[in-house]
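Chemist: Need coordinates for the following:
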Amino acid sequence: ISAQDPEKGECEESVAVCYSGAAVKAGYNYRYLVDVLNVIDGNEVSVEIIDTLSPTIVNEIDSEEGESCLFIVMPMRL
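Modeler: Sure, this is the predicted structure:
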């Protein structure tokens, strides 16, 4: 995961993932992703990216309450 801001600089972080499919490079407003991750209680999420223009689906894996929430995040054009 990498982030770039002309005023604040750049950051890159490695995250363990299980990935299948073609490589996709998509950009997001970090605030939208943080909002989704802040309401998820679990430690694992599923992120389904079709391409750089389609909605991205974020889903909690193994919710403690047995319920699952589905979140949609729209990518930005890079």
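Chemist: Now do the helices in the protein.
Modeler: Assigned by DSSP state H, the chain shows helices spanning 30-39.
Chemist: Low-confidence regions, this protein specifically.
Modeler: 63-67 (pLDDT under 70).
Chemist: Can you report how many residues lie near the closest residue to Leu37 other than its chain neighbours?
Modeler: Leaving aside its chain neighbours, Leu37 sits nearest to Val45 (7.3 Å; criterion: CB to CB, 6 or more residues apart in numbering). For the C-beta atoms, the positions are set from N, CA and C on the backbone; glycine is no exception. Val45 has 13 neighbours, counted by other CB atoms under 10 Å.
Chemist: Bridge partners for Val45, pull those for me.
Modeler: Glu60 (DSSP bridges).
Chemist: Over to Cys11?
Modeler: Using DSSP bridges, the bridge partners assigned to Cys11 are Ala3.
Chemist: Pretty sure it sits against Ser2.
Modeler: Yes: Cys11 lies in contact with Ser2 (CB atoms under 8 Å); the separation is 6.8 Å.
Chemist: List the residues that contact the residue nearest to Leu37.
Modeler: Counting by CB atoms under 8 Å, 6 or more residues apart in numbering, Val45 touches 37, 58-61.
Chemist: Same question for Arg77.
Modeler: Residues in contact with Arg77 (CB under 8 Å, 6+ apart) are 27, 52-53.
Chemist: Can you pull the phi and psi angles for the residue of the chain positioned farthest from its centre?
Modeler: In terms of distance from the mean C-alpha position of the chain, Glu7 ranks first, at 23.0 Å (CA atoms, centre = their mean). Main-chain dihedrals, Glu7, degrees, to the nearest 10: phi -90, psi -30.
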